[in-house]
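Asker: Here is the input, now give the coordinates:
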Amino acid sequence: MDKNISIITDPDGKKIVLINDVRFKGKTRQEWKDIENFLKEYVGKFYEIAETAERIYIGKDFPDEFAHGNDKTVLKKANLKAKANASQVVGELIEIAHNKSETPDFEEKHGCKAKYGWYRYDTRLALPVYDDSGEIVWYNIYKLRMLVRHDADNKLYLYDFLRTKKETNSPPQ
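Answerer: Numbers count the residues shown, from 1 in each chain. Presented below is the predicted three-dimensional model:
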């Protein structure tokens, strides 16, 4: 797919992945099946976090978790649309990830999927808002938490993007 995206820096020096063409609305079950199939193209690839030089691999479990996990089921409207469109820029979201923290296996529901633990990183995404004539009038910015598992093979694997939430500050014009 030809991506119409860029990575920009906000006035505070934080990176944002800016998408100029919204591909997914995230409204239908069929669309989420299409998103899951699209994400399967990433499996086996890896991307490097610029801040830490860590390689994050895309495992077989990522497409299903992204498209059908608990986090997706609680999202509504614009936040759901943002998560759907994050599927277009997985590599870029990994690249700009920052603020690494180690986290426990909440509710101990993942068992041996992450022998050496779980990590979370912050990342950001901007989606256009269009006027009636189809022109971009501004961008809404969304925060996402990237969940990564440290597997028994000592590699880091992307597991999901969580807590997709629109920022309340003023969007870039």
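
Asker: other SSEs contacting the helix or strand of the chain with the lowest mean pLDDT?
Answerer: The helix or strand with the lowest mean pLDDT-type score in the chain, counting by mean pLDDT, DSSP states H and E, is helix 70-74 (a mean of 83). Contacts defined by 3 or more C-beta pairs under 8 Å, 6 or more residues apart in numbering; DSSP states H and E place helix 70-74 against helix 77-86, strand 156-166. Using the backbone N, CA and C atoms, a C-beta is placed for each residue, glycine as well.

Asker: Could you list the residues in contact with that helix?
Answerer: Judged by C-beta atoms under 8 Å, 6 or more residues apart in numbering, the contacts made with helix 70-74 from elsewhere in the structure are 32, 66, 80, 83, 160, 161, 162, 163, 164.

Asker: Now do the fourth one, the pLDDT please.
Answerer: Yep, that's residue 83 we're talking about. Confidence at residue 83, expressed as pLDDT, is 95.

Asker: list the contacts for it?
Answerer: Residue 83 makes contact with 26, 66, 71, 72, 75, 144, 161, 164 under the criterion C-beta under 8 Å, 6+ apart.

Asker: Now for the residues you listed: which two are most distant?
Answerer: Put simply, by C-beta to C-beta the two of the contacts of residue 83 set farthest apart are 26 and 144, 13.7 Å from each other.

Asker: What's the local residue count around residue 68?
Answerer: Other residues near residue 68 come to 15 when the count uses other C-beta atoms under 10 Å.

Asker: Return the backbone torsion pair for it.
Answerer: As for residue 68, its main-chain torsions (degrees, to the nearest 10) stand at phi -130, psi 0.

Asker: measure the closest residue to residue 69 other than its chain neighbours to residue 146 for me?
Answerer: Closest residue in space to residue 69, ignoring its immediate chain neighbours: residue 160 at 5.4 Å, by C-beta to C-beta, 6 or more residues apart in numbering. In this structure, residue 160 lies at 8 Å from residue 146, with C-beta to C-beta, to the nearest Å as the measure.
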